[in-house]
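**Q** got a structure for you, letters missing:
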């Protein structure tokens, strides 16, 4: 029996057969549902997060949210009853900024105006790389051409994307996510985008590093709980983090027949996941 | 020696070793260069077209132009000195309309306003297919979402595209073409677009049918002359039509090192191609 493995018992879910220390939680679709008027809390989630923290668990909130700053997200979640701090949140824009600064690049930022604040003070003159995010109405022909020309003019084109999702639900509407527009630029310029948010391994491993879990330990140490079968569950599993899907948010029953991704477990919602963790871990 | 093959002589280009009857010409980059103020004639092209017709050749003009009607294009080319009729022009919008009518579909038309006239009178209520063209400024987030939702709501999604080009030159600017936006919708909805213009085989073969050349004869009967190595030359060759590239329009010297497409011949411009045809064919 491998180190850390616990013998299965009645009722213990498979994903809790080995002890976990680090817990990564998606935000939208797990803590709350987005939509007009700031969205709505998913029942039981506020208490679930509080119980986890009270039990001493290290938790990081992993989101591809790029339409507000981390502090903006903390404030928004505060209005819904959650008590989080910006340092507990991993989101792609601050990571993108760090990468851009390290490589001394000047970005063409095709992102939502509310996400721009994370890039305050960065030199964006004569851009030599592109960072694309959930720009929504800013995905105009003019802006797409702007990004395209930066990439085409570059000998070694760098295209970073905050995510690679196909679409998402906002209120009752389905809307195109970043993935299709990233794909458009990849095709136009024959370049491969560097994904900086989920499902990139670097994103999940960075979140674990933040709670002092090294990549070598992740297979026995951590779980990611999310509503997105590909981005949350598949992404986490690809770097040996257990992936559990909640049946809230964008979960659909057809996810359970996904051709390539099989979650380590399903739970009805975050509250149910936390009850299991507190009982069996 | 195969039927129709002519023994090579000094100076005779390879692509004229067998007799051709049908001649397909690209328009933009071969007859004229587009740009502000209606564009400019490529020197010698007006006379070249007249010489071909005077010699009794059957010519069809094959374009992916979808930003004006065929008559609009005839008028535009008339201002540049060309004497063409709409019936000599093959363009994707009329073909798309025919396909849509045959299959009794109702299209969501994401195309340039000037191209819309080709669809006058077509039922576009409650659309159940998407036709995407060179919509340019109409490639807004809202319109892309509109097309996306039509595809997602359909059990058997149909996405037609007037072309699949990556980008094109307009005046001194490079602009994104239809391909990247088509790719975006293909990715979002996990669907494969049906290309109705170049480089689709159906497009070239339809042009030859129009001058009574059947698909069985094309390898010895026809040549396509264009400036686009992939769309014109590669597309034609894929259906056994000889493909000759002009060194005008979007031609670049690096085209001569294209990894997959090797033209049957190069000419400096249309005038040079026609001189060779008249001398050796």
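**A** Okay, I see it. All figures in this text were calculated on a predicted structure; none of them were measured in a lab. Residues are numbered from 1 along each chain as shown, chains lettered A, B, ... in the order given.

**Q** what does the stretch 1-150 of chain A put close to chain B?
**A** Neighbours of chain B within the stretch 1-150 of chain A, by C-beta under 8 Å from any C-beta of the partner chain: A:135-142, A:144-145, A:148-149. For every residue, glycine as well, the C-beta is placed using N, CA and C.

**Q** JSON lines for those, including neighbour count and distance to residue B:107?
**A** As requested, the residues of the stretch 1-150 of chain A next to chain B are exported to JSON lines (neighbours: other C-beta atoms under 10 Å in any protein chain shown; distance: C-beta to C-beta, whole Å):
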{"residue": "A:135", "neighbour count": "23", "distance to residue B:107": "27"}
{"residue": "A:136", "neighbour count": "18", "distance to residue B:107": "25"}
{"residue": "A:137", "neighbour count": "11", "distance to residue B:107": "25"}
{"residue": "A:138", "neighbour count": "16", "distance to residue B:107": "27"}
{"residue": "A:139", "neighbour count": "24", "distance to residue B:107": "22"}
{"residue": "A:140", "neighbour count": "15", "distance to residue B:107": "23"}
{"residue": "A:141", "neighbour count": "17", "distance to residue B:107": "21"}
{"residue": "A:142", "neighbour count": "11", "distance to residue B:107": "26"}
{"residue": "A:144", "neighbour count": "24", "distance to residue B:107": "23"}
{"residue": "A:145", "neighbour count": "18", "distance to residue B:107": "26"}
{"residue": "A:148", "neighbour count": "22", "distance to residue B:107": "27"}
{"residue": "A:149", "neighbour count": "20", "distance to residue B:107": "31"}
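
**Q** Secondary structure for the residues you listed - can I get that in a markdown table?
**A** Output for those, formatted as a markdown table (DSSP: H, G, I helix; E, B strand; the rest coil):
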| residue | secondary structure |
| --- | --- |
| A:135 | coil |
| A:136 | helix |
| A:137 | helix |
| A:138 | helix |
| A:139 | coil |
| A:140 | coil |
| A:141 | helix |
| A:142 | helix |
| A:144 | helix |
| A:145 | helix |
| A:148 | helix |
| A:149 | helix |
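
**Q** wait, which of the residues you listed is closest to residue B:20?
**A** Distance ranking of those against residue B:20, using C-beta to C-beta, places residue A:148 first at 38.0 Å.

**Q** what about that closest one, distance to residue A:189?
**A** To residue A:189, residue A:148 is 6 Å away according to C-beta to C-beta, to the nearest Å.

**Q** circling back to that earlier point, the residues of the stretch 1-150 of chain A next to chain B into CSV, with extra columns for pLDDT?
**A** Converted to CSV, the residues of the stretch 1-150 of chain A next to chain B look like this (pLDDT from 0 to 100):
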residue, pLDDT
A:135, 96
A:136, 95
A:137, 96
A:138, 97
A:139, 98
A:140, 98
A:141, 98
A:142, 98
A:144, 98
A:145, 98
A:148, 98
A:149, 97
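
**Q** Which of the three states applies to the residue nearest to residue A:20 when sequence neighbours are not counted?
**A** Nearest residue to residue A:20 in three dimensions, chain neighbours excluded: residue A:223, at 5.0 Å (C-beta to C-beta, 6 or more residues apart in numbering or on different chains). Counting by three-state DSSP, the backbone at residue A:223 sits in strand.

**Q** quick one: pLDDT of residue A:223?
**A** Looking at residue A:223, its pLDDT is 96.

**Q** Same question for the one 10 residues further on.
**A** As summarised for this prediction, residue A:233 has a pLDDT of 97.

**Q** Name all residues that make contact with it.
**A** By C-beta atoms under 8 Å, 6 or more residues apart in numbering or on different chains, the contact set of residue A:233 is A:224, A:226, A:243-245, A:261, A:263.

**Q** cutoff 6 Å now
**A** By C-beta atoms under 6 Å, 6 or more residues apart in numbering or on different chains, residue A:233 lies in contact with A:243, A:245, A:261, A:263.
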